[in-house]
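J.: Below is the sequence, then the predicted model.
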Amino acid sequence: MSDDPTGLIHHPDGCPRCRWAGLDPVYVAYHDTEWGVPERDGRALYEKLILDGFQAGLSWITILRRREGFRRAFLGFEPEAVARLTDADVEWLMQDTGIIRNRAKIVGAIVGARAWLAIEERGPGFSRFLWDFVDGAPIQGTARDRSGIATETDVSRVISKALKAEGFTFCGPIIVHAFMQAVGMINDHLVGCHRHAPCAELGAEG
């Protein structure tokens, strides 16, 4: 593997990748198969938003390694089920070593599920609610080095404000921007990364 000043890592397999993917096979697989792929399923978007909230103050790999634990603890991230969790369930989750045991974030997941349901009930749904902020199509990044990658944007600030108004927590502009990158609302793979063009094609397909 070799590194270069543009922010790419050249792996032995010959594929240049965004430097943040590093060598960890879990991270590399996430980079190659999920990050930047447009996600339009409302339940999956809820899951990713909540996990990004849990990441606050931590590294994403910390969350990624516990993802199955989170899915088990939060009932597959089915909003209808999570919304029914009680104070007693919160206490039970606070004892679960398979997740990040942060009370405010656990409560935030439950409150977020209820907000998700409210958005779904009034239509046209959580996915449309989010994707309308980018006119239904991914923003295509053109950065060729890591200096061109933002940590927040005007769009992430607008979405953050809208999510908070709906009742979501742990959804500041930086978290929302990271979420947008992860779910393909922004294609922020560096142009030289082997995943930039495929993600751009997926975005064009709508």
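T.: Yep, that arrived. Residues are numbered from 1 along each chain as shown.

J.: Show residues contacting the longest helix anywhere in the chain.
T.: The single longest helix within the chain, with elements called by DSSP state H, is helix 103-122. Applying C-beta atoms under 8 Å, 6 or more residues apart in numbering, the contact partners of helix 103-122 are 42, 46, 49-50, 53-54, 56, 74, 79-83, 85, 90, 93-94, 99, 125-126, 129, 163, 166-170. Placement of C-beta: from N, CA and C, glycine included.

J.: Excluding residues flanking it in the chain, which one is nearest the residue nearest the centre of the chain?
T.: For the chain, the residue nearest the mean C-alpha position is Phe179 (3.4 Å; C-alpha atoms, centre = their mean). Leaving aside its sequence neighbours, Phe179 sits nearest to Asp52 (C-beta to C-beta, 6 or more residues apart in numbering; 4.6 Å).

J.: can you pull the contacts of the one you found?
T.: So Asp52 contacts 170, 175-176, 178-179, 182 (C-beta under 8 Å, 6+ apart).

J.: now swap in Phe70 and tell me
T.: 51, 54, 63, 77, 98-99 are the contacts of Phe70 under C-beta under 8 Å, 6+ apart.

J.: Go again with 10 Å.
T.: By C-beta atoms under 10 Å, 6 or more residues apart in numbering, the contact list for Phe70 reads 47, 50-51, 54, 63-64, 76-77, 96, 98-100, 109.

J.: between those, which is closest to Gly22?
T.: Nearest to Gly22 among the contacts of Phe70, counting by C-beta to C-beta, is Leu64 at 12.0 Å.

J.: how far away is the closest one from Trp35?
T.: Distance of Leu64 to Trp35, given as C-beta to C-beta, to the nearest Å: 10 Å.

J.: So between those two, which is more surrounded?
T.: Neighbour tally, Leu64 and Trp35, criterion other C-beta atoms under 10 Å: the higher count belongs to Trp35, 22 against 18.

J.: Isn't the more buried one up against Phe179?
T.: No. Using C-beta atoms under 10 Å, Trp35 makes no contact with Phe179, being 11.2 Å away.

J.: picking up where we left off before, mind checking which of the contacts of Asp52 land in strands?
T.: Of the positions in these, not one sits in strands, assigned by DSSP state E.

J.: so Gly36 sits in a helix?
T.: No. Counting by DSSP: H, G, I helix; E, B strand; the rest coil, one finds Gly36 to be coil, located in no helix.
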